[in-house]
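[1] give me a 3D structure for the following:
(one chain, ligands or ions: 1)
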Amino acid sequence: MSEICTTCGLPQDLCVCETIAKETQEIKLYTIKKKFGKKYTVVEGIVGKEINLKDVTKRLKNALACGGTVKGDTIELQGDHRNKVKEHLIQLGFSSDTINVEQR
Ligand SMILES: [Zn+2]
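    Numbers count the residues shown, from 1 in each chain. The predicted structure follows:
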């Protein structure tokens, strides 16, 4: 017997909470400049206990072959990868409609 998810009421292996959470995020992608003019791509707006931010960060770092860290509720990735990050987030199950690439 698998456990029942207390949020959606489905067995854990059929639980839709993570899927729903991923489709309802309002994600912002933008770049910031840090010391020595280094650019970082910031992923802001991935919230909720259903989503493992560290796991998302790890996948993005692997996909982009860059460094990155979790800072509170945001992810900071070394370099300007806005468009690629969007593509990878979509591959991870996030909805393209809710990912906004900002020109800053
Ligand atoms: Zn669930």
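[2] tell me who's in contact with Glu18.
    Residues in contact with Glu18 (C-beta atoms under 8 Å, 6 or more residues apart in numbering) are Glu50, Ile51, Gly93. The way it works is simple: take the backbone N, C-alpha and C, and place the C-beta from them, glycine included.
[3] again, 7 Å this time
    Residues counted as contacts of Glu18 (C-beta atoms under 7 Å, 6 or more residues apart in numbering) are Glu50, Ile51.
[4] any idea how far the closest residue in space to Asp73 that isn't next to it in sequence lies from His88?
    Leaving aside its chain neighbours, Asp73 sits nearest to Val47 (5.7 Å; criterion: C-beta to C-beta, 6 or more residues apart in numbering). Distance, Val47 to His88, using C-beta to C-beta, to the nearest Å: 19 Å.
[5] neighbour count winner among the two?
    His88 (17 against 14; other C-beta atoms under 10 Å).
[6] residues from this structure in reach of the ion?
    Cys5, Thr7, Cys8, Cys15, Cys17 (C-beta under 5 Å from the ion).
[7] and Gln103, how many residues sit next to it?
    Gln103 has 6 nearby residues by other C-beta under 10 Å.
[8] leaving out chain neighbours, which residue sits closest to it?
    Gln103's closest residue in space is Tyr30 (C-beta to C-beta, 6+ apart), at 7.9 Å.
[9] quick one: buried residues of the helix or strand harbouring the one you found?
    Per DSSP states H and E: Tyr30 is located in strand 27-33. Neighbour counts over strand 27-33 (16 or more other C-beta atoms under 10 Å) mark Ile27, Lys28, Leu29, Tyr30, Thr31 as buried.
[10] try stretch 4-18
    Buried residues in stretch 4-18 (16+ other C-beta under 10 Å): Cys5, Cys15, Cys17, Glu18.
[11] with stretch 64-82 instead?
    So for stretch 64-82, counting by 16+ other C-beta under 10 Å, buried means Leu64, Gly68, Ile75, Glu76, Leu77, Gln78, Gly79, His81, Arg82.
[12] can I get the buried residues of strand 27-33 in CSV with pLDDT?
    Output for the buried residues of strand 27-33, formatted as CSV (pLDDT from 0 to 100):
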residue, pLDDT
Ile27, 96
Lys28, 97
Leu29, 97
Tyr30, 97
Thr31, 97
